[in-house]
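**Student:** predicted model and sequence follow; I will ask about them next.
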Amino acid sequence: MRNFLIALIFILPLGVGNAQSPAAKPVEPTAIGIVYCLDPTSQELRKLPDEQWKGDESGSYGTHYIGVSGSQSSFRVKAGDAILFVFKTGSPEKVSLYSFEVKKNKRRFAFEKVDRHLKGSSIKGLPVEVSQYGEKSYKLVPASPLIPGEYAVIIAGEVYTFGIDQ
């Protein structure tokens, strides 16, 4: 009985202390308008490359594209890995995910259709879920698993790229 009481004296405070400790806060980006990928193993934020883009259109009306040089992004993710992007912005509803089509040494995606009356309509990106992440940032998660290929996250006119490998 005496050993039981001694054990209780040492174990009980440990249990109470653990119950009172606050939940670990997620790591949040410090800069606004930069997209990071959350490494699920280390919980480290890894910045996606911000690539220079150029608008490209097919005629005076038709489909307008965003083009990026090079056949692939330097940021690679394995197919099947959980993908979660973290960012700070004043307009989280305007952050989009697009799939590039790759031709020769260039990647591009369609972002706008213009009719013969020069009225434009945006082409939506891939389905995503955007929600609060931490106190001052947001997260973007693809609504369904991404297949191998090249992708872009668009935030405030900037193009952040990544690729999915087999």
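**Tutor:** Nice, thanks for sending it over. Numbers count the residues shown, from 1 in each chain.
**Student:** touching, Ala156 and Thr89? I think so.
**Tutor:** Yes. Counting by CB atoms under 8 Å, Ala156 touches Thr89, with 6.4 Å between them. All C-beta spots, glycine's among them, are computed from the backbone N, C-alpha and C.
**Student:** quick check: neighbours shared by these two?
**Tutor:** Common neighbours of Ala156 and Thr89, using CB atoms under 8 Å, 6 or more residues apart in numbering, are Gly33.
**Student:** low-confidence ranges in the chain?
**Tutor:** Within the chain, the stretches with pLDDT under 70 are 1-24, 57-61.
**Student:** closest to the centroid, which residue in it?
**Tutor:** Phe85 (2.5 Å; CA atoms, centre = their mean).
**Student:** Ala156 and Thr89: which is more packed in?
**Tutor:** Thr89 (17 against 13; other CB atoms under 10 Å).
**Student:** list the contacts for that one?
**Tutor:** Listed by CB under 8 Å, 6+ apart, the contact set of Thr89 reads Ile32, Gly33, Val95, Tyr138, Ile155, Ala156.
**Student:** past the host helix or strand of Lys139, which element shows up next along the chain?
**Tutor:** Lys139 belongs to strand 137-142 when assigned by DSSP states H and E. Sequence-wise, the next helix or strand downstream of strand 137-142 (DSSP H and E) is strand 149-155.
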